[in-house]
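can't give you the sequence, but here's the structure:
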């Protein structure tokens, strides 16, 4: 799989050597709040290609600062992908997440031929939603009681999508 260069971040295929750092990032309260527990085992499955989602390590200034991933549910004439990411809390609000999303989105559309991309953050995760909208994602609708937070309480999600001609 290709390495992808954004304006300020680089996305490279996830490898087993990334698992330790990404586990640390996943345990940060500002990440775990939205993702729940991110285990070494799950990250290793993803790094070894045994997960339904394909992962990229997000690098900034030579350091691993997060994970971007995509999945491609089925192949048909309306090819689409779902994307998601997390970034170390210390770099939130600096435009790196937006850069990572835009870089991945352009590659999925230009190189993999996707017609539509979707992303489904927690409805309460307003900073992430602003970053996705800055890339061009549009609100589709609220996904009621869509995911359980780390305390087991149902939370709403927000479905956003981006069409190939909107980026």
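That came through, no problem. Computed from a prediction, not measured in an experiment: that's the story for all the values here.

C-terminal to the longest helix seen in the chain, what's the next element?
In the chain, with assignment by DSSP state H, the single longest helix is helix 96-110. Counting by DSSP states H and E, the next helix or strand C-terminal to helix 96-110 is strand 116-119.

Pull up the pairing partners for that following strand, direction included.
Here strand 116-119 has these sheet partners by DSSP bridges: strand 80-87 (parallel), strand 154-163 (antiparallel).

centre of the chain versus the first one, how much separation?
Remark: strand 80-87 is offset 3 Å from the chain centroid, using Cα atoms, centre = their mean, to the nearest Å.

And the strands in the protein?
4-5, 10-13, 54-60, 63-71, 80-87, 116-119, 138-148, 154-163 (DSSP state E).

Now the longest helix of the chain: buried residues?
For helix 96-110, burial by neighbour count (16 or more other Cβ atoms under 10 Å) applies to 96-105, 107-109. Where C-beta positions appear, they are placed from N, C-alpha and C, glycine not excepted.

Any regions of the chain where pLDDT drops low?
75-76 (pLDDT under 70).

And for it, the residue most distant from the center?
residue 77 (23.9 Å; Cα atoms, centre = their mean).

and that one, what does it touch?
Counting by Cβ atoms under 8 Å, 6 or more residues apart in numbering, residue 77 makes contact with nothing.

same check, this time on residue 119
By Cβ under 8 Å, 6+ apart, the residues touching residue 119 are 82-84, 101, 132, 137, 160-161.

For the residues you listed, pick the one with the most neighbours.
Taking other Cβ atoms under 10 Å as the neighbour criterion, residue 132 ranks highest of the contacts of residue 119 with 28 neighbours.
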